[in-house]
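S.K.: Just the structure for this:
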Amino acid sequence: MLFLGLLLLLALLAGARLLWGWWLLRNLHLPPLAPGFLHLLQPNLPIYLLGLTQKLGPIYRLRLGLQDVVVLNSKRTIEEAMVRKWVDFAGRPHILSYKLVSQHYPDLSVGDYSLLWKAHKKLTRSALLLGMRNLMEPLVERLTQEFCERMRAQAGAPVAIQKEFSLLTCSIICHLTFGDKVKEDTTVRVFHNCVRDLMKTWDHWSIQLLDIVPFLRFFPNPGLWRLKQIVKNRDHIVEKQLRQHKDSLVAGQWRDMTDYMLQEVEHLRVAEGPGQLLEGHVHMALVDLFIGGTDTTAITLSWAVAFLLHHPEIQRRLQEEIDLELGPSVSGSQVSYKDRARLPLLNATIAEVLRLRPAVPLALPHRTMQLSSILGYDIPKGMVVIPNLQGAHLDETVWEQPHEFRPDRFLEPGKSPRALAFGCGARVCLGEPLARLELFVVLARLLQAFTLLPPAGSLPSLQPQPYCGITLNMQPFQVRLQPRGMGALRLGQCQ
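M.R.: Here you go, the predicted structure:
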């Protein structure tokens, strides 16, 4: 009886909250409301949300649990909110899972907008672009070269390429953040396993349900317990690295991003006094780099491979372009990233993959900091706003034949707008420069060294997993990497 009474009380409180919310909004001109409550149960949610625009237009509201959210489904509405009115839309919603993954200090990705958040962002961006300015590209080249050598050892055998890409991108982040003393078989795999466990648990329905109906956290939930344990383990691993770096710091020198950020925080503490950035902000910056820079880039690389398996003619054209500029061997010359215009088709292919399959198709939700408007509709303060990036990339009023894989659309000057795969405005992904560098270098080297072939003629699915969480995961597939040049001849003689 006590349990039933508690449920009834919670239901009454939820109903009262909804009625109070409707009363407060009664005089506003709100976007149209989509009927129903079970939208999150729809497979391929970004495409479902895009389909609602046929009746409701590019901006509308949905009910998710106890809360209304606004969904933006076009490039125009997303840019109006996130670029032209970025101050109004720069917040993050205060939801349970965000608090769990950033327990001690506000996180960059899910932290709310504030002056301290801006300082945190500046610190991380400086470490990435200034601290690693002369080291980033050589590091990515070296680790990609080693990756291709490992793949050459498996030549002709089916490879689960997404797992290999994920280990590669995690290794790049490890070396950028913790330096060249990283032990591949220990540190990288420890961080890789931790990130994969965290994302899998965070995406689980039991955690997503808590974000929609927060009072359910008072009931037994194995997923919630597991998420707390993973976060505890994550923090223990990061704290160990921070201790090791502090014990070996040399003033005025830095070996990696961690050294850079620790010294910057100390400098700011001495110069500006308390109330500024602390070591915990370095901790969460490192967490963000691993979560945001491992599987997202690996997923994009995997989608690129899948599309090229379906379009061998584009793969052939890419190899011709790369051979002309770099030579036909992985040990040949390299194109500096600043000279990437020498490989226009490769750039166009990357842009098309990012357009069709953005790794985070619904971005991360925003929250309005004050009353605002989009396309003439009022958007109240505190409203959760979801940018449907994939929906915007498939807008027929912007893109010709939007569902078709056509890299050549980006070779026509002025014909195709820039996609929004990394977001835009104040909340644009901080790791975009690194991700674009990785996509360019890895795909150039991979296609220079190998021809991508489906195992036993079985092409991978180009449809994402039906029920995705934060990332647009693809269905598992394998690829055969056939060495080109003399390696290909030797392989053919052995078969």
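S.K.: which residues of the stretch 301-450 of the chain score low on pLDDT?
M.R.: Across the stretch 301-450 of the chain, the ranges flagged by pLDDT under 70 are 328-333, 415.
S.K.: Go again with 80.
M.R.: Applying pLDDT under 80 to the stretch 301-450 of the chain flags residues 327-335, 413-416.
S.K.: what about the strands in it?
M.R.: Under the criterion DSSP state E, counting those that start in this stretch, the stretch 301-450 of the chain contains strands at 366-367, 372-374, 377-379, 384-387, 450-453.
S.K.: Glu396: which of the ones you listed is closest?
M.R.: Each of the strands of the stretch 301-450 of the chain has some distance to Glu396 by C-beta to C-beta; the shortest is strand 384-387, at 18.4 Å. The C-beta positions use only the backbone N, C-alpha and C, and glycine is treated the same way.
S.K.: contacts for the closest one?
M.R.: Contact partners of strand 384-387, identified using C-beta atoms under 8 Å, 6 or more residues apart in numbering, comprise 49, 64, 67-72, 78, 81-82, 89, 93, 362-363, 365-368, 379, 420, 423.
S.K.: Let's see which of those residues end up in helices.
M.R.: Mapping the contacts of strand 384-387 onto helices (DSSP state H) picks out Leu49, Ile78.
S.K.: in this protein, which helix has the most residues?
M.R.: In the chain, with assignment by DSSP H, the single longest helix is helix 222-247.
S.K.: what distance separates that helix from the middle of the whole chain?
M.R.: 21 Å (C-alpha atoms, centre = their mean, to the nearest Å).
S.K.: Also stretch 105-119?
M.R.: Chain-centre distance of stretch 105-119: 18 Å, with C-alpha atoms, centre = their mean.
S.K.: distance between the ends of it?
M.R.: Stretch 105-119 has an end-to-end distance of 13 Å (C-alpha to C-alpha, to the nearest Å).
S.K.: So for that stretch, mean pLDDT?
M.R.: For stretch 105-119, mean pLDDT is 88.
S.K.: Check which residues of that stretch are buried.
M.R.: Neighbour counts over stretch 105-119 (16 or more other C-beta atoms under 10 Å) mark Tyr105, Pro106, Asp107, Leu108, Ser109, Val110, Gly111, Asp112, Tyr113, Leu116, Trp117, Ala119 as buried.
S.K.: Which positions in the helix or strand following the longest helix of the chain come out as buried?
M.R.: Going down the chain from helix 222-247, the next helix or strand is helix 257-272, by DSSP states H and E. Residues of helix 257-272 classed as buried by neighbour count (16+ other C-beta under 10 Å): Met257, Thr258, Asp259, Tyr260, Met261, Leu262, Gln263, Glu264, Val265.
S.K.: re the thing from before, and the buried residues of stretch 105-119, which of them are in helices?
M.R.: Leu116, Trp117, Ala119.
S.K.: who are the neighbours in contact with Ile95?
M.R.: By C-beta under 8 Å, 6+ apart, the contact set of Ile95 is Asp211, Pro214.
S.K.: now do the one 3 residues further on
M.R.: Taking C-beta under 8 Å, 6+ apart as the definition of contact, the neighbours of Tyr98 are Arg92, Asp107, Val110.
S.K.: Test my guess that the last one contacts Arg92.
M.R.: Yes: contact criterion C-beta atoms under 8 Å: Val110 and Arg92 qualify, at 5.5 Å.
S.K.: which residues are in contact with both of the two?
M.R.: Common neighbours of Val110 and Arg92, using C-beta under 8 Å, 6+ apart, are Tyr98, Leu364.
S.K.: Report the separation between Ile322 and Met474.
M.R.: 24 Å (C-beta to C-beta, to the nearest Å).
S.K.: of the two, who's got more company?
M.R.: Higher neighbour count among Ile322 and Met474: Ile322, with 24 against 20, using other C-beta atoms under 10 Å.
S.K.: how near is the closest residue to that one other than its chain neighbours to Trp86?
M.R.: Spatial nearest neighbour of Ile322, excluding adjacent residues (C-beta to C-beta, 6 or more residues apart in numbering): Gln448 at 5.0 Å. Gln448 sits 40 Å away from Trp86 when distances are taken as C-beta to C-beta.
S.K.: of the two, who's got more company?
M.R.: When neighbours are counted by other C-beta under 10 Å, Gln448 and Trp86 differ, and Gln448 comes out ahead with 24 against 19.
S.K.: pretty sure that one is in contact with Asp323, am I right?
M.R.: Yes: applying C-beta under 8 Å, one finds Gln448 in contact with Asp323, separated by 7.5 Å.
S.K.: can you pull out the helices in the stretch 51-200 of the chain?
M.R.: Here the stretch 51-200 of the chain has its helices, by DSSP state H, counting those that start in this stretch, at 53-56, 75-79, 96-101, 115-126, 136-152, 161-178, 189-202.
S.K.: Counting neighbours, which bits of the longest one end up buried?
M.R.: Looking back up the chat, that one is helix 161-178. In helix 161-178, counting by 16+ other C-beta under 10 Å, buried: 161-162, 164-178.
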